[in-house]
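Undergrad: starting from these lines, generate the structure:
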Amino acid sequence: MATSTPVRHAWRALTGLLAITALLFGINALGVYVFGQSSWTPALALDLQGGTQIVLEAQTEDGADPSAEQMQQAVTIIRQRVDASGVGEAEVTTQAGNQIVVQIPGQADEETRNRIEASAQLQLRAVLYAGAPANTFVGEDGNATPYPTPDPTLQATPTTAPTDGSDTAWITPALQAEFLAYDCADPANDPANAPADEPLITCDADGTVKYILGPVELDGSSIDDATFGIQQNNGLWAVNLSFDSEGTETFGQISQRLYGAQAPLNQFAFVLDGYVLSAPSMNGVILDGKPSITGSFTQETAKVLADQLKYGALPLSFTVESSNSISATLGSQQLQIGLIAGLIGLLLVAIYSLIVYRALGFIIIASLAVMAVLTYVTLCILAWRMGFRLSLAGVAGLIVTIGFTADSFIVYFERIRDELRDGKSITAAVEDGWGRAKRTIYISKSINILAAVVLYILADSTVKGFAFTLGLTTAIDVLIFILFTHPVLQLLARTRFFGSGHPLSGLDPTALGAVYRGRAQFREPVLATGAAGRRSAKSRGEAARRQTIAERKQAELAAADSAKPGTNVKEGDD
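TA: The predicted structure follows:
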């Protein structure tokens with residue numbers, strides 16, 4: 001029963017590897033055929049695919065040049081917005097002191113463009129009036145007639161001073177006429193730079209509702225965090241906000257004012273770039289600074305709103321200077337060169353393995369093939385779920401891992417050969433060799449992963465792709481060793497070809513110099529002629545080369561003692 005235990009272990013490991021592979025392919029198939037968001041090819045980064053370049057020009061309220069600190073803060077927030085949209089390997093840099101250049105791999109969709117270009121500060125305003133977006137009325141002729149431009153003589157200042165942001169005294173005759181004539185679809189109506197201390201006429205992002213909003217009472221800098229999730233009491237998606245201490249106090253006062261008011265005066269609008277992201281009603285007094293926004297959200301719309309609220313507080317306002325497509329900085333030619341280099345590396349490893357390890361080399365080749373399949377499908381899944389894109393630096397990380405993987409095979413196989421030289425059977429050598437080799441492999445792989453993590457955290461964005469693929473493939477390498485390489489060798493060691501130590505198996509004890517019983521205690525080799533004699537001589541040479549200095553000296557002393565003349569004494573003689 002003891003001899004069958006490694007076999008059962010091997011089959012369980014291979015079954016587990018098969019299950020993991022099927023699971024990964026199933027996850028990616030789900031993304032391809034059900035959600036339509038994944039692909040069977042890894043996504044490429046900006047340097048290999050080209051993409052979209054958006055140049056934003058910063059503007060301050062007083063017209064002065066923005067400071068370096070303001071620009072850096074803006075770069076950080078815009079990069080967070082890009083990352084939140086699921087785009088990987090994007091580049092966000094500054095130029096000319098007042099411009100931010102955003103480069104995105106591939107063609108940016110409308111949602112991503114809107115997130116990047118929505119660069120004004122997030123504002124929170126009370127709703128004074130909400131209505132249909134129509135700006136026409138039915139005239140006496142029965143046809144739709146646009147409302148006229150407001151008469152300049154209409155009263156534009158409130159009759160009485162408004163007491164708060166929800167006071168309807170803000171709605172003057174001039175403001176009401178402007179509201180009626182306001183066209184949500186007219187690009188000339190740009191509410192982004194409206195004064196913060198005055199009412200605002202605007203629409204929601206879809207242009208389906210038109211609003212009159214009160215002055216700004218809070219801005220996005222008061223929001224510490226915004227998340228999304230499912231509420232346990234009703235199972236609906238919600239956006240959860242968290243205000244800082246000052247925002248908590250102000251929002252608590254606003255909630256006391258709005259709660260219980262008639263619609264739409266009980267609503268509070270979140271405004272980005274002058275357009276209303278959401279205008280929820282106040283359903284309670286919130287004094288802890290942690291309100292939740294509910295409604296007809298889906299997972300995607302809740303995530304988008306949470307990202308907009310979380311990353312909407314920019315220290316500057318921006319205008320889009322240009323937006324165009326850019327070609328790949330390195331292109332497909334460099335990608336082909338990188339892939340060719342990787343194939344050459346694989347070919348050299350395969351040739352070396354077959355020359356040195358004979359049939360064992362096919363185990364190395366099979367292990368690398370399984371590792372390539374798992375790495376490939378993992379990159380496809382990461383492109384879908386994390387927005388990871390493969391850059392040329394990432395390709396370099398994959399190529400470097402081939403060498404690290406080959407080192408692990410050498411450590412393992414040489415440990416097995418050492419056990420064979422000690423006179424152990426092949427099955428015992430496989431088990432004992434694994435027991436010793438895995439400690440060395442785990443330590444070396446841990447160092448590789450640690451180096452990759454440190455490099456990913458501290459290095460420039462252009463190097464992060466290298467660090468990420470290096471760490472990923474190193475982890476997969478360890479998985480392959482545990483679930484494929486060792487189990488396969490456990491099974492093969494019990495076949496006639498490998499178990500008998502065939503000269504082509506790479507586990508021939510005679511060819512490895514296993515001609516001694518123990519340390520410095522050699523068996524007398526059997527003299528032979530022809531090919532057998534040459535193999536015997538080679539074995540003796542291999543055994544001699546494998547001796548330590550102490551073993552060699554002890555062997556020389558033993559040989560010298562046996563050469564000295566002496567008297568044969570029989571047992572029992574006096």
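
Undergrad: list the buried residues of the host helix or strand of residue 393.
TA: Assigned by DSSP states H and E, residue 393 falls within helix 392-421. By neighbour count on 16 or more other Cβ atoms under 10 Å, the buried set for helix 392-421 is 392-402, 405-413, 415-421. In this view, the C-beta of every residue, glycine as well, is placed from N, C-alpha and C.

Undergrad: so which elements touch that helix?
TA: Judged by 3 or more Cβ pairs under 8 Å, 6 or more residues apart in numbering; DSSP states H and E, helix 392-421 is in contact with helix 331-357, helix 360-385, helix 426-458, helix 461-480.

Undergrad: what's the angle between it and helix 461-480?
TA: 30 degrees (axes from the mean of the first three to the mean of the last three Cα atoms, to 10 degrees).

Undergrad: off-centre distance for helix 392-421?
TA: 25 Å (Cα atoms, centre = their mean, to the nearest Å).

Undergrad: stretch 157-176 too?
TA: The answer for stretch 157-176 is 51 Å, by Cα atoms, centre = their mean.

Undergrad: how about stretch 366-375?
TA: Relative to the chain's own centre, stretch 366-375 is displaced by 20 Å; criterion: Cα atoms, centre = their mean.

Undergrad: can you check stretch 343-362 too?
TA: 32 Å.

Undergrad: in it, what's buried?
TA: Buried-residue list, stretch 343-362, by 16+ other Cβ under 10 Å: 345-346, 349-350, 353-354, 357-362.

Undergrad: can you check stretch 447-463 too?
TA: For stretch 447-463, by 16+ other Cβ under 10 Å, it's 448-449, 452, 455-456, 463.

Undergrad: ok, now stretch 286-305?
TA: Residues 286, 289, 291-294, 297, 302-305 are the ones in stretch 286-305 that count as buried (16+ other Cβ under 10 Å).

Undergrad: what is the end-to-end distance of it?
TA: 20 Å (Cα to Cα, to the nearest Å).

Undergrad: kindly reformat the buried residues of stretch 286-305 as TSV containing pLDDT.
TA: Converted to TSV, these look like this (pLDDT from 0 to 100):
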residue	pLDDT
286	94
289	93
291	93
292	92
293	91
294	87
297	86
302	89
303	86
304	82
305	86
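
Undergrad: would you turn those into TSV with secondary structure and distance to residue 78?
TA: Output for the buried residues of stretch 286-305, formatted as TSV (DSSP: H, G, I helix; E, B strand; the rest coil; distance: Cβ to Cβ, whole Å):
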residue	secondary structure	distance to residue 78
286	coil	30
289	coil	26
291	coil	26
292	strand	27
293	strand	24
294	strand	29
297	coil	25
302	helix	22
303	helix	18
304	helix	16
305	helix	18
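
Undergrad: just the mean pLDDT for stretch 14-29, thanks.
TA: Across stretch 14-29, pLDDT averages out at 96.

Undergrad: which residues touch that stretch?
TA: 38, 40, 370, 373-374, 377-378, 380-381, 384, 479-480, 483-484, 487-488 (Cβ atoms under 8 Å, 6 or more residues apart in numbering).

Undergrad: 10 Å instead, please
TA: 38-40, 370, 373-374, 376-381, 383-385, 479-480, 482-484, 487-488, 490-491 (Cβ atoms under 10 Å, 6 or more residues apart in numbering).

Undergrad: try stretch 137-151
TA: Residues contacting stretch 137-151 (Cβ under 10 Å, 6+ apart): 134-136, 156, 173-183.

Undergrad: let's see it at 7 Å
TA: 135-136, 174, 177-178, 180-181 (Cβ atoms under 7 Å, 6 or more residues apart in numbering).

Undergrad: narrow these to those in strands?
TA: Taking DSSP state E as the definition of strands, the contacts of stretch 137-151 contribute residue 136.

Undergrad: closest to residue 502 among the contacts of stretch 137-151?
TA: residue 135 (88.8 Å; Cβ to Cβ).

Undergrad: ok now do the closest one, which residues does it touch?
TA: Applying Cβ under 7 Å, 6+ apart, the residues contacting residue 135 are 146-147, 180-183.

Undergrad: gap between it and residue 206?
TA: 16 Å (Cβ to Cβ, to the nearest Å).

Undergrad: quick one on the thing from earlier: now the contacts of stretch 14-29: which count as buried?
TA: Here, 16+ other Cβ under 10 Å leaves 38, 370, 374, 377-381, 383-384, 479-480, 482-484, 487-488, 490 buried among the contacts of stretch 14-29.

Undergrad: of the contacts of residue 135 - the most surrounded one?
TA: Using other Cβ atoms under 10 Å as the neighbour criterion, residue 182 leads these with 20 neighbours.

Undergrad: avg pLDDT for stretch 250-265?
TA: Stretch 250-265 comes out with an average pLDDT of 94.

Undergrad: pLDDT weak spots in the stretch 101-250 of the chain?
TA: Within the stretch 101-250 of the chain, the ranges that satisfy pLDDT under 70 run 117-121.

Undergrad: got the buried residues for the helix or strand encompassing residue 125?
TA: Counting by DSSP H and E, the element that carries residue 125 is strand 123-131. Neighbour counts over strand 123-131 (16+ other Cβ under 10 Å) mark 123-130 as buried.

Undergrad: tell me the one among the residues you listed nearest to residue 324.
TA: residue 123 (30.0 Å).

Undergrad: measure the closest one to residue 200 for me?
TA: 8 Å.

Undergrad: identify, from the buried residues of stretch 343-362, the entry nearest to residue 427.
TA: For the buried residues of stretch 343-362, the nearest to residue 427 is residue 360 (14.9 Å; Cβ to Cβ).
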